[in-house]
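> sequence unknown, structure follows:
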Ligand SMILES: Cc1ncc(COP(=O)(O)O)c(C=O)c1O
């Protein structure tokens, strides 16, 4: 059981010795092994430089890692492209869809802005965003699907909304889309390696993610998933040597472009190798600890947090139904200034501002962490 291993698990995160860390939705703390995997590539270059054969070895390792990383969400190695961040993936998604003038993309009005920006950028091509209004941070499934009309070409959602913690029911949305040839794109930045995701069961066509939150990886690396079936229908807008079927074949003019037939055709040039090695390590740790156990623990801790806050008379956003809960909970604190001072003194990190706080419970957190936060809230009132 994860619970029995928690004190050992916590030793991997040095920051936990100093702080109560309830802020993974902003940035996850570094795990020693993930940090070491990223650093190894830097150390190698520092001490030995990087020969072409060593570079090729890195490419080989990064290619092998696709299977392990895609396995986290039941995808295939061929369906994974490395990106520099979630926003790059979201832009891939918006550019791969064969839109026609007058088409719309349905998305919640609290979506992380890169999602609507990628569609608003297609305005000159006649593509519009169709906003789904949220209520206290919630977007009921019926309301989301009710906004689909005959011109809806895609639904873009964040699995977990960054601005409320609301978790969408992926399987039900995917099922709806697949029957209607509506493209389903998911931004899983606030759920990857935290809540379980199965791209096949959920009929997800494309998925984009950052890795610096719940997977506790460095910034500047992400992934983009594109289902094999969808990839066969589309072609990339940007291309480069790294996305060719044989990267080491560098012909001179006249040259024929032979793109890889897999999602990696979206990769244009050298990627963030140290970030990829970190991502691979994070995927290994996640699979070892167990997706189910991590999912359950995060939700249990979040429920404990919610009960604790409600018992203190604190107003929480939502609150969401069980199936819409995640590792994020928002709460309102009219006495924010006083609370901020206390949290600072007691080394408790949450994301506090504008009269409310985003509190994130990850698997390495404990009931004791939450008790300490609740105590601070009680003292601040
Ligand atoms: C849901 C969601 N998507 C995307 C991002 C940003 O990711 P990136 O900076 O990698 O584009 C965030 C950051 O908070 C987020 O919460």
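Structure's in. What do you need? In this text, all values refer to a predicted model and were calculated from it rather than measured experimentally. Numbering: from 1, shown residues only.

> find the nearest non-adjacent residue to residue 165, please.
For residue 165, ignoring the flanking residues on the chain, the nearest one in space by CB to CB, 6 or more residues apart in numbering is residue 328 at 3.1 Å. In short, each C-beta sits where N, CA and C put it, glycine included.

> just residue 332 next, same as before
Leaving aside its sequence neighbours, residue 332 sits nearest to residue 315 (CB to CB, 6+ apart; 4.5 Å).

> burial measure for that neighbour, as a count.
13 (other CB atoms under 10 Å).

> equivalent analysis for residue 219, please.
Neighbours around residue 219, by other CB under 10 Å: 13.

> check contacts around it.
Residue 219 is in contact with 27, 85, 210, 212, counting by CB atoms under 8 Å, 6 or more residues apart in numbering.

> quick revisit: test my guess that the residue nearest to residue 332 contacts residue 329.
No - using CB atoms under 8 Å, residue 315 makes no contact with residue 329, being 11.5 Å away.

> rewinding a little: farthest pair in the contacts of residue 219?
27 and 85 (13.0 Å; CB to CB).

> between these two, who's got more neighbours?
Just comparing residue 27 and residue 85: by other CB under 10 Å the higher neighbour count belongs to residue 85, 20 against 16.

> per-residue pLDDT, the more buried one?
pLDDT recorded at residue 85 is 98.

> for it, phi and psi?
The phi/psi pair for residue 85 (degrees, to the nearest 10) reads phi -170, psi 180.

> ok, and the closest non-adjacent residue to it?
Closest residue in space to residue 85, ignoring its immediate chain neighbours: residue 222 at 4.8 Å, by CB to CB, 6+ apart.

> same thing with residue 380?
Leaving out its chain neighbours, the residue that sits closest to residue 380 by CB to CB, 6+ apart is residue 339, at 4.0 Å.

> what does the strand or helix carrying residue 106 contact?
Residue 106 is part of strand 104-108 when elements are defined by DSSP states H and E. Contact with strand 104-108 is made by 94, 115-116, 119, 127-132, 134, 139, 144, 147-149, 151-158, 161, as judged by CB under 8 Å, 6+ apart.

> got a list of contacts for the following helix or strand past that strand?
Following strand 104-108 in sequence order, the next helix or strand is helix 114-120 (DSSP H and E). Outside helix 114-120, the residues that touch it by CB under 8 Å, 6+ apart are 86-87, 90-91, 93-94, 105, 107, 127-129, 156, 158, 187.

> rerun at 6 Å
Under the criterion CB atoms under 6 Å, 6 or more residues apart in numbering, residues 87, 90-91, 94, 105, 107, 129, 156, 187 lie in contact with helix 114-120.

> so what would you say the end-to-end distance of stretch 341-360 is?
Criterion CA to CA, to the nearest Å; first-to-last residue distance in stretch 341-360 is 19 Å.

> show me what counts as buried in it.
Buried residues in stretch 341-360, defined by neighbour count with 16 or more other CB atoms under 10 Å: 342-343, 348-352, 356-360.

> out of those residues, which sit inside helices?
If you go by DSSP state H, the buried residues of stretch 341-360 have 342-343 in helices.

> so which of the buried residues of stretch 341-360 is the closest to residue 20?
Distances from residue 20 to those, taken by CB to CB, are shortest for residue 348, at 4.3 Å.

> what distance do you get for that closest one to residue 380?
For residue 348, the distance to residue 380 (CB to CB, to the nearest Å) stands at 11 Å.

> burial measure for the nearest residue to residue 343 once chain neighbours are set aside, as a count.
Closest residue to residue 343 apart from its sequence neighbours, by CB to CB, 6+ apart: residue 376 at 5.7 Å. Other residues near residue 376 number 20, with proximity taken as other CB under 10 Å.

> domains in the protein, as residue ranges please.
For the chain, automatic domain parsing gives the domain ranges 2-25+291-380, 35-288.

> so which of these is nearest the ligand?
domain 35-288 (3.0 Å; CB to the nearest ligand atom).

> gap between the two ends of the closest one?
Domain 35-288 has an end-to-end distance of 17 Å (criterion: CA to CA).

> same question, stretch 158-178
From its first residue to its last, stretch 158-178 covers 18 Å (CA to CA).

> ok, and what's touching that stretch?
Under the criterion CB under 6 Å, 6+ apart, residues 110-112, 137-138, 141, 145, 155, 157, 184, 186-188, 190-191, 201-204, 317, 320, 323-324, 326, 328-330 lie in contact with stretch 158-178.

> the ligand contacts on the stretch 151-300 of the chain?
Residues of the stretch 151-300 of the chain lying close to the ligand (CB under 6 Å from any ligand atom) are 158, 162, 187, 189-190, 210, 222.

> swap in the stretch 1-150 of the chain?
By the rule CB under 6 Å from any ligand atom, the part of the stretch 1-150 of the chain lying against the ligand is 85-87, 112, 114.

> let me see the ranges of the helices in the stretch 201-350 of the chain.
Remark: helices assigned in the stretch 201-350 of the chain by DSSP state H, counting those that start in this stretch are 228-231, 273-289, 291-311, 336-345.

> got it, and the stretch 1-150 of the chain?
Using DSSP H, counting those that start in this stretch, the helices of the stretch 1-150 of the chain run over residues 2-10, 32-48, 52-71, 86-96, 114-120, 141-146.

> and the buried ones among the contacts of strand 104-108, selectable in ChimeraX?
Only the buried entries of the contacts of strand 104-108 go into this ChimeraX selection, using 16+ other CB under 10 Å:
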select :94,115,116,119,127,128,129,130,131,132,134,139,144,147,148,152,153,154,155,156,157,158,161
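
> thanks a lot, see you next time.
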